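>>> here are the coordinates; sequence isn't available:
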């Protein structure tokens, strides 16, 4: 962006043009794409079968679920190949399923938008999802409720695909709630443990706050455009001028609130750490690779809305920057391997959010980073699961150390993921994250310096905490308990890890070849504005980033490999203590939201218990009081009923006569 | 009208095909009476149930047959008249048009489900809900003595068929006298059916008597209104009424408003609109539960069909006179129905107040004065009818010591022990509350948007009040769900008895239609929309 409003107008212009062209392309589906509904139907069929089939499906259910997930991947792959076969201008297709709602002039058909952006998600979700299904076959082997677990996993895959394929905000909302439900069920999967059930409830409640935002955004759309489908809403947003900016800003902020809930962004980030209570494959699939990135998808998909509301866009960047630093700082102090990874997820999604808020310079890289992150973070989570598998389900990294010898494959695959997230060339993360840092430095005034600086510092901290995690787990002295006998996990678990590790290593390089990925997404996200250069020369920026990363790794090496790591955590500085407590996010939430909420609930309960029937629970005071009083009129005497009727007729007729 | 010489009757003009559905139901009812007299006692139950179901299904087929024939729709199925030498007066007409056929079809289908729930025997000799001898306690020696003496309860089926016959005429008839006859034909069997409960007999007999007394009272209002309107227009035929208002003999103007409103009172009584609702909770609670479900669904549908025809055909030109009166009734109905449902502690009374509140919401659709409103009302009646039959069907299964456990506290913890039953009931509660993906949402959306769209400021006000009242009722339904799923069961816990296939079928169909109309409402909305044109 060169100059203030001029560049804005330019961007919006590009958008409108791009979108107009894009909408022109989204014609009715032909060929195999018309079967896109199978993507959603297959996993949902699996979930239905397993849930309704009951114990009869215990034996073969998990395998069938896995097969259905792969089948969805195959369908996705065929559609993808077909899409590749068409020209870039005619790739987006609209699959209309049925007339969903027809009420007066408001018509909404349930349909799927199969375009370049949704295809990226389809392939990521089905591929990584299927790998994790396979991994779970091993990881959950001895769990008595294995069938239920796979049913939920299938439910998740189906709902996530519905979310990304929906062609309207309303259908997206259905998928959005579906993944929320699956996430809730899976976090609390081991709900015999009250702490886990609480974690599930926390995720549920925090997500409701976000969903409230999405609902309001939907209402605003309906109010303003009289429609909720992408084509109308985005088309009209792109064509908007400054006059409606307040409205667009409100809509953007509400969408952002929804995105923050789902993607664990500041200030709705607190549930993600606790969500690690779920089985590790769930953390890998839902709380690292796919569901938590839905917020980024929402922002990128709604790009024209944000383009028309620069204030909302700025807030997106700010939220991203805060979260990326927040997550990174928290990650430095966590000793629980899964919680450290969760903090890192939060931080990486912060990067994506930041990129998504930057506008056309960032959209493609936000999605690119989302894709590579999906691979390396899922791989690392599976690695963590493998470590827990070998270490009696322990998660405290202070009890690990020196595992590289005992678990070679896990070490190697985790190592590749580590290099990828650090952004070391030529591993995947380098191609996506460094591009985001570069993009953050584009602009004028204070913005590039603040946001670029945050992204740059974040990279350094990332290097530190990820190396800390890696070294504490796999290197240094062994700090195992006496009864720990770490061993490599079975083949069925290591193979998915290896596949993901290969992706972590090479995916970025391959997709960056000839700017393949960015140009693939261009019809959807709009072209990168010409001549946008970072305020700092690119080679300097690159050197600076790599130096910071090297510094982070070195510091971690000194403290967590070379020196002995104490088995119990030292008291630490004030910052460490704060970081260990997630920077007091729960305390803040408690003071701001929970306490007043509790008082409100208490007073309601008080009013409730004063109600008429204690056994049943009472009523809110006002309605209840009126109700009890009115109830006395219903005294059981036919004569007074007849009198009521007569009085009613006389009163109404009398009133009308008086009026006229 | 002193010159009227009723000697000069015209030949009546009857199109038998167009009124075939009603003829089938009437014949089935009459054959049912013969079955009662001649069929062997052991087989009577099965024969009666099959006869009723087959009759209703045949009637439905006939409705479809008439509906798809463009020559039949919009036809006056039956007219009779007399002439005073200069003008012809039609005194009785059945209008076979879209709304009439739609209402007949839905009443017949809901009637099938109603019959199936009434037929529940739980392994006994006769229908479980009905008593063969009103003075004896269930399972007592005197009851078995009555049974040995030949007292049976299979006459409930012909009675129900007569009621359905009346309900089919009610929304079809195009004049006030015909409407009154239909009103009585449908009401009389219902008075009897309400008093036949086997358990809590006194409550049931009291309810029956109250219903009869108040019903007679409201019929008197209807007749008085009819007399006033006849005095105003010189005719009871809707077409003449409408014309008379348009051309306006101003001298008699004072008769129009009271006449119109009193006629409305008779009809609003049947749907349980406030302040003519007082019988509803008592009768809903006292009547045998399957009868309550049947009444809540079918009577409401038939009466709203009649209200629609009166409002859109007979008194459409006099709208400005009576609209405000009905608006007041609609507001009172919504507010009182939803507020009073809050303090209910008996499940059947709760559903009764819920039905009152729903009647208010449906009135909002009626007051849209547009084809959209008609379509939305028709849809609402079908959606609500099926949900309510299923809900009362479930109520009849939750039992303690052999009898129904209708106190709310007895339902505590039901979800933990009977997740399927409680789940279905919870789903129906969500439908009553109007939560998306249930038919209740689509219905409420339909009537409110029609009111906002074409009802002007009044419509918007009504819709706002409706939404607020819906919010109040959400609390009520949510409380039931919370009670079932999040409370601990009392020590003397109730049980859910396993019903016969027939009852299971009708509950399942009711629930599935509630879901189907929530997820895929388009086809029925479309049908209701196409059926929303009245003939005059």
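Everything's here; your move. Bear in mind that the values here come from a model prediction, so they are computed numbers and not experimental data.
>>> can you tell me, leaving aside adjacent residues, what's nearest to whatever residue of the stretch 501-650 of chain A ends up closest to chain B?
Chain B sits closest to residue A:648 of the stretch 501-650 of chain A, with a gap of 3.1 Å, by Cβ to the nearest Cβ. No exception for glycine: its C-beta is placed from N, CA and C like everyone else's. Of all residues not flanking residue A:648 in the chain, residue B:275 sits nearest, at 3.1 Å (Cβ to Cβ, 6 or more residues apart in numbering or on different chains).
>>> surely that neighbour and residue B:332 touch.
Yes: with contact defined as Cβ atoms under 8 Å, residue B:275 counts as touching residue B:332 (6.4 Å).
>>> between the two, who's got more neighbours?
The neighbour count for residue B:275 versus residue B:332, taken as other Cβ atoms under 10 Å in any protein chain shown, is higher for residue B:275 (24 against 19).
>>> show me what contacts the more buried one?
A:644, A:645, A:647, A:648, B:329, B:332 (Cβ atoms under 8 Å, 6 or more residues apart in numbering or on different chains).
>>> export these to a markdown table and tack on secondary structure?
A markdown table is the format used below for the contacts of residue B:275 (DSSP: H, G, I helix; E, B strand; the rest coil):
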| residue | secondary structure |
| --- | --- |
| A:644 | helix |
| A:645 | helix |
| A:647 | helix |
| A:648 | helix |
| B:329 | helix |
| B:332 | helix |
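>>> buried ones among those residues?
Buried members of those, counted by 16 or more other Cβ atoms under 10 Å in any protein chain shown: A:644, A:645, A:648, B:329, B:332.
>>> closest one of those to residue B:359?
Closest approach to residue B:359 among these (Cβ to Cβ): residue B:329, at 9.5 Å.
>>> spell out the secondary structure type for the residue nearest to residue A:648.
Under three-state DSSP, the three-state class of residue B:275 is coil.
>>> now it: phi and psi?
Note on residue B:275: its backbone torsions stand at phi -90, psi 30 [degrees, to the nearest 10].
>>> quick check: it vs residue B:234, distance?
Residue B:275 sits 31 Å away from residue B:234, going by Cβ to Cβ, to the nearest Å.
>>> shaky segments in chain B?
Scanning chain B for pLDDT under 70 picks out B:1-12, B:70-92, B:248-251.
>>> can you tell me which residue is spatially central in it?
residue B:299 (1.9 Å; Cα atoms, centre = their mean).
>>> okay, now the closest residue to chain B within the stretch 201-350 of chain A: neighbour count?
Residue nearest to chain B within the stretch 201-350 of chain A: residue A:215 (11.0 Å; Cβ to the nearest Cβ). Burial of residue A:215 is recorded as 15 neighbouring residues (other Cβ under 10 Å).
>>> let me see the contact set for it.
Counting by Cβ under 8 Å, 6+ apart, residue A:215 makes contact with residue A:173.
>>> assumed it was part of a helix.
Yes: checked against three-state DSSP, residue A:215 lies within a helix.
>>> name the SS class of residue B:150, please.
Residue B:150 is classified as coil under three-state DSSP.
>>> again but with residue A:406, I slipped
Once three-state DSSP is applied, residue A:406 turns out coil.
>>> number of nearby residues for it?
Neighbours of residue A:406 under the rule other Cβ under 10 Å: 19.
>>> next: residue A:560.
When neighbours are counted by other Cβ under 10 Å, residue A:560 registers 22.
>>> which helices and strands sit right next to the host helix or strand of residue B:263?
Of the helices and strands defined by DSSP states H and E, residue B:263 is found in helix B:253-271. Helices and strands touching helix B:253-271, by 3 or more Cβ pairs under 8 Å, 6 or more residues apart in numbering or on different chains; DSSP states H and E, are helix A:638-659, helix B:176-194, helix B:201-233, helix B:300-309, helix B:319-342, helix B:347-366.
>>> next, the buried residues of the first one.
Counting neighbours by 16+ other Cβ under 10 Å, one finds that the buried residues in helix A:638-659 are A:638, A:641, A:642, A:644, A:645, A:648, A:649, A:652, A:653, A:656.
>>> in this structure residue B:373 contacts residue B:451, no?
Yes: counting by Cβ under 8 Å, residue B:451 is a contact partner of residue B:373 at 7.0 Å.
>>> shared neighbours of the two, anything?
B:365, B:367.
>>> who's more crowded, these two?
Set side by side, residue B:373 and residue B:451 show more neighbours around residue B:451, with 31 against 27, by other Cβ under 10 Å.
>>> just to revisit the earlier point, buried stuff in the helix holding residue B:263?
Going by neighbour count (16+ other Cβ under 10 Å), the buried part of helix B:253-271 is B:255-271.
>>> other SSEs contacting the next helix or strand after it?
Per DSSP H and E, the first helix or strand lying C-terminal to helix B:253-271 is helix B:279-286. Secondary-structure packing of helix B:279-286 (3+ Cβ pairs under 8 Å, 6+ apart): helix B:201-233, helix B:347-366.
>>> quick one: contacts for the residue of the stretch 51-200 of chain A found nearest chain B?
In the stretch 51-200 of chain A, the residue that lies nearest chain B is residue A:99 (4.6 Å; Cβ to the nearest Cβ). Residue A:99 makes contact with A:107, A:108, A:109, A:110, B:522 under the criterion Cβ under 8 Å, 6+ apart.
>>> could you give the mean pLDDT of the helix or strand hosting the first one?
Following DSSP H and E, the helix or strand that holds residue A:107 is strand A:106-114. With pLDDT averaged residue by residue, strand A:106-114 scores 80.
>>> mind listing what's buried in that strand?
For strand A:106-114, burial by neighbour count (16+ other Cβ under 10 Å) applies to A:108, A:109, A:110, A:111, A:112, A:113, A:114.
>>> by contact count, what packs against it?
strand A:93-103, helix A:146-165, helix A:169-187.
>>> using CSV, lay out these together with mean pLDDT.
Shown next, in CSV, are these (pLDDT from 0 to 100):
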stretch, mean pLDDT
strand A:93-103, 74
helix A:146-165, 90
helix A:169-187, 88
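>>> for chain A, what is the nearest residue in the stretch 401-536 of chain B?
Nearest to chain A, among the residues of the stretch 401-536 of chain B, is residue B:409, at 3.9 Å (Cβ to the nearest Cβ).
>>> right, I mislabeled it, should have said the stretch 1-150 of chain B
In the stretch 1-150 of chain B, the residue found nearest to chain A is residue B:102; the distance is 17.5 Å by Cβ to the nearest Cβ.
>>> quick one, what contacts that residue?
Contact analysis of residue B:102 by Cβ under 8 Å, 6+ apart lists B:378, B:527, B:528, B:531.
>>> switch those residues over to CSV; also include secondary structure.
CSV is the format used below for the contacts of residue B:102 (three-state DSSP):
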residue, secondary structure
B:378, helix
B:527, helix
B:528, helix
B:531, coil
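>>> of all those, which comes closest to residue A:124?
Set against residue A:124, the nearest of the contacts of residue B:102 by Cβ to Cβ is residue B:527 (42.8 Å).
>>> which SSE is residue A:482 in?
Here residue A:482 sits in a region with no helix or strand, counting by DSSP H and E.
>>> ok, it to chain B distance?
44 Å (Cβ to the nearest Cβ, to the nearest Å).
>>> next, count neighbours for that residue.
Residue A:482 has 5 neighbours, counted by other Cβ under 10 Å.
>>> equivalent analysis for residue A:269, please.
With other Cβ under 10 Å as criterion, residue A:269 counts 29.
>>> per-residue pLDDT, it?
For residue A:269, the predicted pLDDT is 79.
>>> Three-state assignment for it, please.
With three-state DSSP as the basis, residue A:269 sits in coil.
>>> residue B:128 now?
Counting by three-state DSSP, the backbone at residue B:128 sits in coil.
>>> surely it is in contact with residue B:117?
No: counting by Cβ under 8 Å, residue B:128 sits too far from residue B:117 to count as a contact (10.4 Å).
>>> these two: which is more packed in?
Each of residue B:128 and residue B:117 has its neighbours counted (other Cβ under 10 Å); residue B:117 has more, 30 against 25.
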